[in-house]
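Visitor: Show me the folded form of this:
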Amino acid sequence: MSYDEIWAGHRMSFAEWLCRYLIDEDMTGPNSAAFYPGPVQMRHLPESAHERPEPWYGPDRGM
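Guide: Numbers count the residues shown, from 1 in each chain. Prediction:
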């Protein structure tokens, strides 16, 4: 049985899990970290069919 077939749970809030994932920790399995330099681009969901949301950026990833 390889490690790919084993499920691992992490007891923490989603916010903590997401923060750890974004700062390049292995949170979805061994060697699963994928660090993307630069700030993360986010967008608010549109509230109407004609709305074009402007992107906004999170903090610099050099945490």
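Visitor: got the residue ranges for the helices in this protein?
Guide: 14-22 (DSSP state H).
Visitor: so where's it uncertain?
Guide: Along the chain, segments meeting pLDDT under 70 span 1-8, 10, 34-36, 61-63.
Visitor: mind listing the strands for it?
Guide: When assigned using DSSP state E, the strands of the chain occupy the ranges 41-42, 56-57.
Visitor: could those strands go into TSV alongside mean neighbour count and distance to G29?
Guide: Quick note: C-beta positions are derived from backbone N, CA and C, even for glycine. Formatted as TSV, the strands of the chain follow (neighbours: other C-beta atoms under 10 Å; distance: least, C-beta to C-beta, whole Å):
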stretch	mean neighbour count	distance to G29
strand 41-42	10	25
strand 56-57	10	28
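Visitor: Ok, which of those strands comes nearest E25?
Guide: With C-beta to C-beta, the closest approach to E25 among the strands of the chain belongs to strand 41-42: 20.5 Å.
Visitor: Pairing partners for the closest one, with directions?
Guide: As defined by DSSP bridges, the strand partners of strand 41-42 come to strand 56-57 (antiparallel).
Visitor: now the strand it pairs with, how far from the centre of its chain.
Guide: Centre-to-centre, strand 56-57 and its host chain are 15 Å apart (C-alpha atoms, centre = their mean, to the nearest Å).
Visitor: same deal with stretch 28-38?
Guide: 9 Å.
Visitor: Kindly reformat the strands of the chain as CSV containing distance to A33.
Guide: Below are those laid out as CSV (distance: least, C-beta to C-beta, whole Å):
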stretch, distance to A33
strand 41-42, 20
strand 56-57, 21
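Visitor: can you tell which of those strands is closest to M27?
Guide: Distance to M27, taken as C-beta to C-beta, is lowest for strand 41-42 among the strands of the chain, at 19.5 Å.
Visitor: Going by neighbour count, list what's buried in stretch 21-29.
Guide: Using 16 or more other C-beta atoms under 10 Å as the test for burial, stretch 21-29 gives L22, M27.
Visitor: Which among the strands of the chain is found nearest to A15?
Guide: Going by C-beta to C-beta, the one of the strands of the chain nearest A15 is strand 41-42, 14.7 Å.
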